[in-house]
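Participant: can you look at this prediction? I've put the sequence above it.
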Amino acid sequence: MTTNHELFQRAQQLMPGGVNSPVRAFKSVGGEPFFTARADGAYLWDVEGKRYIDYVGSWGPMIVGHNHPHVREAVERAVKNGLSYGTPCPAEVTMAETITRLIPSIDMVRMVNSGTEATMSAIRLARGATGRNLIVKFEGCYHGHGDSFLVKAGSGALTFGVPTSPGVPKANADLTLTLAYNDLDAAARLFDEHSHDIAGLIIEPVAGNMNCIPPKDGYLQGLRELCTKHGALLIFDEVMTGFRVALGGAQAYYGVTPDLTTFGKIIGGGMPVGAYGGRRDLMQQIAPAGPIYQAGTLSGNPVAMAAGLAMLELIQAPGFYDQLAARTRLLTDGLQAVADGEGVAFSTNRVGGMFGLFFTQEKVESYAQATAADAAMFNRFFHGMLERGVYLAPSAFEAGFVSSAHSEQDLADTLEAARGALRTAQTG
Ligand code: PMP
């Protein structure tokens, strides 16, 4: 039998860190990653046959659970008709109709192949449409690995302590202004200072790449007003929150309308897909309708569209999001009760189907608080959970995800595992 260890030994000789995306390598939590052989429902099985209740869900897209038959069958049907055409295909039109129907702020949409592509394209559009250069982002927010975003970035960049990456030219980084998340006064001051130069402000409306931090009441509305006042575009990066915190994403959940929105993950149903969209007058400026160039050989791929459309059908079932939020609440309330019972300083955040766990007594509302929580304790807890067959994101700076496939029994098993993991984590 191939073991996880043997695969990782081989992988490390062949791929940087043995992986194709940094956080997967378990570098910050220590130890070695497992290699997944298959996935179904709420579970992953590694190559050694061990089962894990999975709260990563391929980092978000598996909102109906892994290998859902409806999605799989749609892919199987699509594959029979070929893998890629390089011409328009009908499913792209259905996808655009579906997205524009579900997200009222989006009149027109362009499909791409990842969240990174979506955000890079959205800021090019913001710059092209406004004729301005500066982009505002938030410390600890992650928008993919485009040069403009690897400045005080979250996710793996934060996990590995290089929030601003070598290789990003200073001239480029200088065009990215950063702000503290959830501090509206600081945003107002920055806009006053650079009023005529800011092309757009990009934000994760619920921050999910520095653990999980919801916006304070009125914060997103305040940013909307600032952008309108200063003629900058408000870009919601809903790669994580889109179709996750509510059917209409964070913009529906909080009732704030952005100018542009980026998506990824969920709309591909597990296939490599992203999208950006927004107001018609803005999107009409994208090539070939307008002069701002953006393209992709595999964009709108028929197999990926089939998977995404099948996924989008499932999440429109009545009550889907109520149930998802209720399960997530059961999980976070349950974990809080277990931690309280064990005398561990602990708090949680949650919005819809996403959640965050913090080893601190405080309610976490900022990057400073998230990074001040006890990361060493998280790492011990992570490994305790892994041993007991529960897979959390392998970093203290990532949100967790619940799917509709997580049963009450899965949640109960998770809480039981947490009790044991907290006991061992406390003893260090
Ligand atoms: N934006 C956000 C909010 C994300 O969470 C991510 C990925 N985790 C991205 C953009 C980048 O997406 P991708 O990894 O598909 O390029």
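Facilitator: Structure's in. What do you need?
Participant: from here on, just use CA atoms for contacts and neighbour counts.
Facilitator: OK.
Participant: what's the average pLDDT for stretch 412-427?
Facilitator: For stretch 412-427, the mean pLDDT works out to 96.
Participant: find the nearest non-adjacent residue to residue 408, please.
Facilitator: Excluding its sequence neighbours, the residue lying closest to residue 408 (CA to CA, 6 or more residues apart in numbering) is residue 327, at 7.6 Å.
Participant: go on, residue 244?
Facilitator: In space, residue 244 comes closest to residue 353 once its chain neighbours are excluded; the distance is 5.9 Å by CA to CA, 6+ apart.
Participant: got the residues of the protein near the ligand?
Facilitator: Counting by CA under 6 Å from any ligand atom, the chain comes close to the ligand at 114-116, 142-144, 204, 237-240, 264.
Participant: ok so, going back, tell me who's in contact with the residue nearest to residue 408.
Facilitator: With contact taken as CA atoms under 8 Å, 6 or more residues apart in numbering, residue 327 is in contact with 353, 402, 406, 408.
Participant: circling back: just flag the most distant two among the residues of the chain next to the ligand.
Facilitator: 114 and 204 (15.8 Å; CA to CA).
Participant: residues near the closest residue to residue 23 other than its chain neighbours, how many?
Facilitator: With sequence-adjacent residues excluded and distances taken as CA to CA, 6+ apart, residue 23 is closest to residue 156, at 5.3 Å. Number of residues near residue 156 (other CA atoms under 10 Å) recorded here: 24.
Participant: quick check: residue 336 vs residue 412, distance?
Facilitator: Distance, residue 336 to residue 412, using CA to CA, to the nearest Å: 13 Å.
Participant: look at these two and report which has more neighbours.
Facilitator: residue 336 (19 against 15).
Participant: ok, the more buried one - contacts?
Facilitator: 346-348.
Participant: please apply the same query to residue 270.
Facilitator: Here residue 270 is in contact with 58, 61-62, 307-308 (CA under 8 Å, 6+ apart).
Participant: with residue 75 instead?
Facilitator: 303-304, 306-307.
Participant: kindly reformat these as JSON lines containing neighbour count, secondary structure and pLDDT.
Facilitator: Formatted as JSON lines, the contacts of residue 75 follow (neighbours: other CA atoms under 10 Å; DSSP: H, G, I helix; E, B strand; the rest coil; pLDDT from 0 to 100):
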{"residue": "303", "neighbour count": "23", "secondary structure": "helix", "pLDDT": "98"}
{"residue": "304", "neighbour count": "28", "secondary structure": "helix", "pLDDT": "98"}
{"residue": "306", "neighbour count": "28", "secondary structure": "helix", "pLDDT": "98"}
{"residue": "307", "neighbour count": "26", "secondary structure": "helix", "pLDDT": "98"}
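Participant: just the closest of these to residue 294, please.
Facilitator: Using CA to CA, the contacts of residue 75 come closest to residue 294 at residue 304, 19.2 Å.
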